[in-house]
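> got a predicted structure plus its sequence, pasted below:
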There are 2 protein chains.
Amino acid sequence: MDTDKQKLQNAIGQRVKQLREEKNIPQQDLAAACNFEKSNMARLESGKTNPTLYTLKKIAVNLSVPLEKLVKDLN
Amino acid sequence: MDTDKQKLQNAIGQRVKQLREEKNIPQQDLAAACNFEKSNMARLESGKTNPTLYTLKKIAVNLSVPLEKLVKDLN
DNA sequence: TACATGGTTATCATTAATGATAACCGTATT
DNA sequence: AATACGGTTATCATTAATGATAACCATGTA
């Protein structure tokens, strides 16, 4: 099944990926800037986790976008 | 100490509380609408947790505000 | 006094996010 | 062929978010 939660996870994963690629930042570079392992960034972008606010904030900072842009119109 | 993470938690807690009170919704009613226990809503509003995206989404929906409004200009 | 309302704090169990490592897959390059 | 790059997936341990319950503390009010 495809729950609301799963849809949200997929949406945020896609959003991060899209913004990252727009800026031509490799997954591993963004991961490093956020102090994540590259594997964990892949996990997030593939919608396998329900990230915490602090995780989203770190990603926003390192993508140089405001946090609200990361979560605007998800779904 | 007062880490970035802790400041963010305090900020989101205050934001939720502020929006909830503007709408005159008791803590326990918002909690119930989100399928939380009232104790857990108090915990979040007092900055004791780093909420997940899905938790924030449920709160936004039940406060009738877009998710981005919940996270805009946090600290 | 007794009761209800709105909120807080503490505690414990369970679930899931995150940290970390390793093994992979393509593609390109030397 | 070997190496590097960007990315993916699986796994395991640790941490923390969440679920749930109970005991409280005000304040108001019947």
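Okay, I see it.

> which parts of chain A sit against chain B?
A:4-5, A:8-9, A:12, A:50-54, A:56-57, A:66-69, A:71-72, A:74 (CB under 8 Å from any CB of the partner chain). (Glycine included, C-beta is placed from N, CA and C.)

> in helices, which of those fall?
Of the residues of chain A next to chain B, the ones assigned to helices by DSSP state H are A:4-5, A:8-9, A:12, A:53-54, A:56-57, A:67-69, A:71.

> can you select the buried ones from those in ChimeraX?
Those of these that count as buried under 16 or more other CB atoms under 10 Å in any protein chain shown are selected in ChimeraX with:
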select /A:8,9,12,53,54,56,57,67,68,71
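
> right, and out of the ones in helices among the residues of chain A next to chain B, which lies closest to residue A:25?
Nearest to residue A:25 among these, counting by CB to CB, is residue A:69 at 15.4 Å.

> that closest one contacts residue A:59, correct?
No - counting by CB atoms under 8 Å, residue A:69 does not reach residue A:59; the two are 11.0 Å apart.

> and the pLDDT for residue A:75?
Residue A:75 carries a pLDDT value of 75.

> dump the residue contacts of it.
Going by CB atoms under 8 Å, 6 or more residues apart in numbering or on different chains, residue A:75 touches A:7-8, A:11.
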